[in-house]
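Novice: Requesting a structural model of the entry that follows:
(one chain, ligands or ions: 1)
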Amino acid sequence: MNPLSDFKNVGEVEAKNRMLLVQWLNSVLPSLNISINISDGELRACLSNGTVLCQILNKLRPGSVNVVNDFYHSLPSQSENVKRFLAALDLLGLPKFEISDLEKGNMKSVVDCLLTLRAKSLQNALGDNITNSNAVRPLGNMSSNVHFTDQRKVSSETTSQRVVRSPVMPEHVGNKIHDVFQLKHGSYSDLPEAKISELMKSTNLDVNSYSLFHHLYIFIFFIYIYLVPCITDLFQHLLLQNAPTQSLLSVVNGILEESVERRSGEIPQRVACLLRKVIQEIERRISTQAEHLKTQNNLFKTREDKYQSRIRVLEVLASGSKKDSENDKSKMEENKTDDKDIIRLSKELEEKSMEISTLKKELQNEKTKMEQKMANDIDVIKLVKRLEDKNTEISTLKQELQIAKTKMEENKADDKDVIRLMKELEEKHMEISTLKQELKTEKTKMEQKMANDIDVIKLVKGLEDKNTEISTLKHELQIAKTKMEEKKANEKDVTRLMKEMEDKNEQISTLKQELQVEKTKMEENKGNAKNVNRLTNELNEKNMENLTLKHELQVAKTKMDGKKGNEEDVNRLTKELDDKNMEILTLKQELQVTKTKVDEKKGNKEDVNRLTKELDDKNMEILTLKQELQVAMTKIDEKKGNEEDVNRLTKELDDKNMEILTLKQELQTVKTKEKKADDKNVVRLMKELVDKGTEISTLKQELETLNKTYKVQCSQLEAKANGAKVELEQKSQEYEHMLEKLSKKIKENESMFQKWNIEKNKLQKALTFQFGSIQELRLSWQSIKQDVKKEQMMYAEECNRLGVNLKPVVDTAESYQEVLAENRKLFNEVQDLKGNIRVYCRVRPFIPGQKEKQTIVEHLGETELVVANPSKQGKEALRSFKFNKVFGPASTQAEVYADIQGFIRSVLDGFNVCIFAYGQTGSGKTYTMVYPFVTH
Ligand SMILES: Nc1ncnc2c1ncn2[C@@H]1O[C@H](COP(=O)(O)OP(=O)(O)OP(=O)(O)O)[C@@H](O)[C@H]1O
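Specialist: From the prediction side, this is the model:
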């Protein structure tokens, strides 16, 4: 056991005892009105006066203590009151406490003492008439000395009076002894404890219960002494054995008193023997009483042990209950652990539910991802389509580029652009291949079940970037295309110019021929030299113009050969060409006009004049032209000298024309070659196209397979998702079920917890009750112990008194013989006078329940009895009998005894007496002899 808990228990027990005491004090003395939660110090202050203690005792036993009320000398009076109270307790045989305990020491002893007083008073209050009478009686009345002094006071009374009155105290003793005998004969264990204590404590006697048993014994003894001296030793022994001690003592007292009254000084031998035997019997009884006391002591010890063991058992039970409570606590703790488990399980459930929710969320996310991936896949498909479109575009671009390339090669186009474009194309190819690789990797990633969206987004971004790049490239290509077209246009312009040049040259040649024709005509028609000159000048001018044109053409060609002729030059050249054409047209018109004029001059003299005028004009013009030509010539001379140069130039022009022709031929050939190359390129491109188509078809197939696998995977994933959903639902249902179970368990545990709490409370109440009962048992045990000690003391005192009383009895035993002899003589004389043999008749009444109630007794007289005989008639029908005395059916045992009690005296005087009963079975012999104490 835990010492701390012991301490607590001890403290609790002391507090409870104090409360009990306070309650009792308040109930006995309501004026006190002490608080239940009084402390030790307060209780000391309340009781240290001593007056309260004395008042309580006086309340319980009025007049037990005289209270000292000395207000001037309070302290001595207080201690005096306490002393008186303690003395009274001492007299009562109750446990005491020390005065120092009340003044300074531990109040526990004071509380225990007062609680024993309380227990004693409660026992008395439990309806025990004997103890009630004791409670009312003054304390001094309890002393046995008082009884003996009273006994001595009435010693002068007659024997018969004594027989009735004397057994006030000895009757207690006799009863006690009788009861003790009963106990000795083996019924201790059958008796209740209350009865034992009652027996042990009872010092009072109900006089009404004094039975005939006692009288009968005295009566038989006297018969034995005076009337039946020859009675056997066995009967004597039986008498002594069965006689109560009080009867024996009263008999002894009676004999002694009678001998004293007679003053004969003689005690008959038989009486002396009887007295010795009585004394021996009393001694034996005392010794047996001592033994009984010992056995009682042992019994009390065993009972004490029993109580101790019970206390221990109760303590063990208490500890057990504590253990039980601890077990309950442990159970509670287990319940707590169960609760913890439940909490843990609920937490786990929550976690599971959280996991389920997260799984659901993940599933949702997966779904969304799947959908996104589906969307991405759609995007990818779109991208692939776009890529295919791009490929087609690229292929077309390639073709265009190839065409442009060839054209550029043919037309010596910008190599750098072409190279750049080629490089870009290669880069595009590379990019496309990388894109393809990326696509493949994407596909593999898609095959590896959903590459993350970021990569897809990146790819999409990359694709977008690529698209932008492609768009920029397209734009560049468009620009390049436009440039190429422009260049083509330039080329066309160049060719057109070349054609125009050729036309001009042809026109020039025709003009030359016309001029030649005109010259010949002029010569034939003695044409005007001025016109010739003019025409020559004009021709020269035209030649110059041609030269300049050629030169400019050459420059343009060189520029074109330089492959970097810009549009401005071309425009400029075209403008110049247009101007020249305009000039040529004007010249043509002028020529036409002159031709017509010449034709008119040929027709008519007037016209000739006009023509001459016109010729003059023309000449003037020619002159001007010549001048101009001269200027030009001078200029030419200044630059290149003379007409040779012009011829050279004309030759050169011819050469150039030739060159133009050759160039035209070359162009024609190049065009043919170009056509051939174009065909080759077309074949190659076709091949590439076919390859691309195959690639595209394979890519499409791959895409389709990928789509299919993707769809299959999607379906699988959907199936898995559905399965997971079903599992999740099942799990959620299971968890819900578990939750319900757990909630039920929690409710059950709560109900169990409440039950346990109720049981715990009950156990605690039972424990407190048991503790209280243990305490009460202890107190009662202490009181019983005190009672036993007191009884022991009383018995010791009684023994001493008996010894003291017996001593004069023994001393005067011899003088008694004389008295007894005289008494015997007188009595026997009376008996002889009455008749030595007496015959009595007693008629039994009908027994209750007897069916046939017909009596044959016809007449019942004092000494006569008439009996009817129905079988006979006449005188014999009635028969009368005479007896010393006839007792009727209404006669009592006392009447019968009163008639024969003289024989008892004779017995005690030493005479032999014989009393016997005779009669039919069931006539009442045993009733008359054995049941003398039944009063009727
Ligand atoms: N005077 C009486 N008054 C009332 N009842 C009596 C009286 N005498 C005898 N009885 C009853 O009669 C019945 C028989 O009595 P009892 O046993 O004394 O007869 P008995 O003569 O002793 O019989 P047995 O010879 O068989 O021993 C008993 O029940 C007894 O109580």
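
Novice: Check what pLDDT the closest residue to the ligand within the chain gets.
Specialist: At 2.6 Å from the ligand, residue 924 is the closest residue in the chain, using Cβ to the nearest ligand atom. C-beta here means a position set from N, CA and C on the backbone, and glycine is covered the same way. Note on residue 924: pLDDT of 92.

Novice: quick one, what contacts the closest residue in space to it that isn't next to it in sequence?
Specialist: Ranked by Cβ to Cβ, 6 or more residues apart in numbering and with sequence neighbours excluded, the top spatial neighbour of residue 924 is residue 844, at 3.9 Å. Contacts of residue 844 were listed using Cβ atoms under 8 Å, 6 or more residues apart in numbering, and they are 889, 922, 923, 924, 927.

Novice: Isn't the residue of the chain closest to the ligand up against residue 842?
Specialist: Yes. Using Cβ atoms under 8 Å, residue 924 is in contact with residue 842, at 6.5 Å.

Novice: Who has more neighbours out of the two?
Specialist: Each of residue 924 and residue 842 has its neighbours counted (other Cβ atoms under 10 Å); residue 842 has more, 21 against 18.

Novice: where does the stretch 801-936 of the chain come near the ligand, residue by residue?
Specialist: 844, 845, 847, 919, 921, 922, 923, 924, 925, 926, 927 (Cβ under 6 Å from any ligand atom).

Novice: Kindly recompute the last result at 8 Å.
Specialist: The stretch 801-936 of the chain comes close to the ligand at residues 842-845, 847, 887, 889, 891, 893, 917, 919-931, 936, as judged by Cβ under 8 Å from any ligand atom.

Novice: Restricted to buried residues, select these in ChimeraX.
Specialist: Here is the ChimeraX command that selects the buried residues among those (16 or more other Cβ atoms under 10 Å):
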select :842,843,844,887,891,893,924,925,928
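
Novice: Restricted to strands, list the residues of the stretch 801-936 of the chain next to the ligand.
Specialist: Using DSSP state E to define strands, the subset of these located there is 842, 887.

Novice: From the residues of the stretch 801-936 of the chain next to the ligand, which land in helices?
Specialist: 893, 925, 926, 927, 928, 929, 930 (DSSP state H).

Novice: Might you report the residue contacts of the third one?
Specialist: It stands for residue 926. For residue 926, the contact set (Cβ under 8 Å, 6+ apart) comprises residue 917.

Novice: now swap in residue 96 and tell me
Specialist: By Cβ under 8 Å, 6+ apart, the neighbours of residue 96 are 86, 89, 90, 113.

Novice: go with 6 Å
Specialist: Shown in contact with residue 96 (Cβ atoms under 6 Å, 6 or more residues apart in numbering): 86, 89.

Novice: So it lies in a strand, does it not?
Specialist: No. Counting by DSSP: H, G, I helix; E, B strand; the rest coil, residue 96 is not found in a strand; it is coil.

Novice: Look up phi and psi at it.
Specialist: The phi/psi pair for residue 96 (degrees, to the nearest 10) reads phi -110, psi 180.

Novice: Next one: it from residue 309, what distance?
Specialist: According to Cβ to Cβ, to the nearest Å, residue 96 stands 28 Å off from residue 309.

Novice: Residue 798 too?
Specialist: Separation of residue 798 from residue 309 (Cβ to Cβ): 33 Å.

Novice: Which residue of the two possesses the greater neighbour count?
Specialist: Neighbour totals were compared for residue 798 and residue 309, and residue 798 leads with 19 against 12 (other Cβ under 10 Å).

Novice: Next secondary structure element downstream of the helix or strand harbouring that one?
Specialist: Per DSSP states H and E: residue 798 is located in helix 643-811. As assigned by DSSP H and E, the chain's next helix or strand after helix 643-811 is helix 813-834.
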